[in-house]
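**Student:** build me a model:
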Amino acid sequence: MIKKKTWVRIVVVLFIGLIIIQVNRGCAFKAEKARAKQNELLLEQAAIPVNVVEVKRSNIDEVISLTGDVRGRAEVDVYAKVTGKLIKKVMEEEAYVDKDAVVALVDRDEAAMEYANAEVLAPISGILTRYYVDMGGAVAPQIPLLNIADIGQIKVVVNIVEKDIPKIRNGQAAKITVDSYPDVSFYGKVATINQALDRMTRTVAVQIVVDNEKHLLKPGMFAKVKLYVLSKRNVMVVPVESVMETAGGGSYVFVVEGDKAVKKPVEAGISDEAKTEIKSGLKDRDLVVIAGQSKLSENSEVKIIQ
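**Tutor:** Just a heads-up that it's a prediction; the model follows:
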């Protein structure tokens, strides 16, 4: 028979063994938990942060941005009928003049001859915009003396590049801004489209007529023009910055599905300054990447930041 002391020793050994097993199990569990946390952290570090927006439907206008020159709707250079020198500006610059009013006097200045000063008359009513000749300066029938413009309406002349010519038609709306009034927008419409291209620039001159009752717009001003060439309603749109181009000229966006970035070829339509129309390739409520897409490739791990 096994003595009592021997039984005690056996129980003690078994108890110690159980403790060791439990300790080992606890250590293994902690190690496994630590490894899982480390793997999770590595996955988070590998995920590329992105900003996304939902695809939605909206109205969109295709806009062509241009620059142009402000001119009077009716604008003429005025010439003296005789040779001499300018001796009097009867009307000063920026003054309104009536048709046939005397605007300047010219001394014929011929030796041994006495002539009355020659009058220069306004051929139209409008604003005397500028003198080309200073007081006492030489005047001749071949040299413009001054300019008069009717600025109750003005025209803004812009040049359209060849590829955009088919988009332009009479009556299209335009928004005009000038540096003199940065917070004011003026609105007009296309009135004239030249029928011939400039051979040097391969552009067509287009005139936009703008009401100018307060005479804020002056001939000679530099204008920034936004020409609205096409409008679409209730179409699928995404932010302009989300659309990327392939080397072959195609378009694509990245859509987040789960925690992955999926590359989606799309057919892009018209664009304005903020949005691009998507004709096909996406569906409503897709999450399109708008920031961070340059770092993505197909099935990249992503983390949505915003």
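**Student:** which elements pack onto the helix or strand that residue 174 is a member of?
**Tutor:** Assessed by DSSP states H and E, residue 174 sits inside strand 173-178. Applying 3 or more C-beta pairs under 8 Å, 6 or more residues apart in numbering; DSSP states H and E, one finds that strand 173-178 makes contact with strand 186-193, strand 203-211, strand 222-239. (C-beta placed from N, C-alpha, C; glycine too.)
**Student:** tell me the angle the shortest one makes with strand 173-178.
**Tutor:** For strand 186-193 against strand 173-178, the angle between stretch directions is 120 degrees (axes from the mean of the first three to the mean of the last three C-alpha atoms, to 10 degrees).
**Student:** repeat that for the last one.
**Tutor:** Going by the same axes, to 10 degrees, strand 222-239 is angled at 120 degrees with respect to strand 173-178.
**Student:** and the contacts of the helix or strand just after strand 222-239?
**Tutor:** Next helix or strand after strand 222-239 toward the C-terminus (DSSP H and E): strand 244-245. With contact meaning C-beta atoms under 8 Å, 6 or more residues apart in numbering, strand 244-245 is reached by 251-253, 293.
**Student:** picking up where we left off before, give me the buried positions along the strand holding residue 174.
**Tutor:** 174-176, 178 (16 or more other C-beta atoms under 10 Å).
**Student:** what's it in contact with?
**Tutor:** 70, 156, 184-190, 208, 210, 217, 221-228.
**Student:** so which bits of stretch 272-292 are buried?
**Tutor:** Quick answer for stretch 272-292 (16+ other C-beta under 10 Å): 272, 275-278, 281-282, 286-292.
**Student:** pLDDT check: weakest of those?
**Tutor:** Note: of these, the lowest pLDDT belongs to residue 292, at 76.
**Student:** now that one: how far from residue 240?
**Tutor:** Going from residue 292 to residue 240 by C-beta to C-beta, to the nearest Å gives 16 Å.
**Student:** could you do residue 262 as well?
**Tutor:** 20 Å.
**Student:** for the most centrally placed residue in the chain, what are its contacts?
**Tutor:** Compute the mean C-alpha point of the chain, and by C-alpha atoms, centre = their mean the closest residue is residue 273, 4.6 Å away. Residue 273 makes contact with 63, 240 under the criterion C-beta under 8 Å, 6+ apart.
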